[in-house]
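Q: Let's see this in three dimensions:
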Amino acid sequence: MLNEDSMPLSKKEGLPISGEGLDKDLISPVDIDSIFDCKWNKDGSALVTVSEKNNVILWNTEGKLRASYQGHTDPVTTIDWKNNNMFATGSQDGIIKIWDVQSSSAQKTLSSHESNIK
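A: Purely as a prediction, here's the structure:
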């Protein structure tokens, strides 16, 4: 389970992208599924991962969970940062969500796409 002593993540070390060779005791079960995209915010102080199990996870530079965002009904396939406090996610449900880091909530939902967002 993810805890205070969890595995560090950094730009130089990269991220575990699959479950192969990972110590499952160091990683939260939410992240053992396939990560479809990940991006650091503009100043490199936070990382968002999105995955096949609809997870949107915000991490700090030590690899500690900062927040988990809920709202997509299908796998989340892409993420992009607007600035250090807002990011957008797109998913196979055809929905784009704009998230606010400080409130940990979706500020806007765009749902007019007829197919998945890549």
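Q: can you give me the strands for this structure?
A: For the chain, the strands defined by DSSP state E cover 35-40, 47-51, 56-59, 65-69, 76-81, 86-91, 96-100, 105-110.
Q: Mean pLDDT and mean neighbour count added to those, as CSV?
A: For every residue, glycine as well, the C-beta is placed using N, CA and C. Converted to CSV, the strands of the chain look like this (pLDDT from 0 to 100; neighbours: other CB atoms under 10 Å):
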stretch, mean pLDDT, mean neighbour count
strand 35-40, 94, 17
strand 47-51, 93, 23
strand 56-59, 93, 21
strand 65-69, 91, 16
strand 76-81, 95, 19
strand 86-91, 95, 21
strand 96-100, 95, 19
strand 105-110, 92, 13
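Q: residues contacting the closest residue to residue 72 other than its chain neighbours?
A: Once flanking residues are discounted, residue 72 sits nearest to residue 91: 4.2 Å by CB to CB, 6 or more residues apart in numbering. Counting by CB atoms under 8 Å, 6 or more residues apart in numbering, residue 91 makes contact with 50, 54, 72, 73, 74, 75, 76, 77, 116, 117.
Q: Please report the distance of residue 91 from residue 33.
A: 14 Å (CB to CB, to the nearest Å).
Q: now do residue 88
A: Taken as CB to CB, the span from residue 88 to residue 33 is 21 Å.
Q: just residue 99 next, same as before
A: Counting by CB to CB, the gap from residue 99 to residue 33 is 20 Å.
Q: And residue 90, by the same measure?
A: Distance of residue 90 to residue 33, computed by CB to CB: 17 Å.
Q: Wait, residue 104 touches residue 71, no?
A: No: the pair residue 104 and residue 71 fails to qualify as a contact (CB atoms under 8 Å) at a distance of 11.0 Å.
Q: With that, I have no additional questions.
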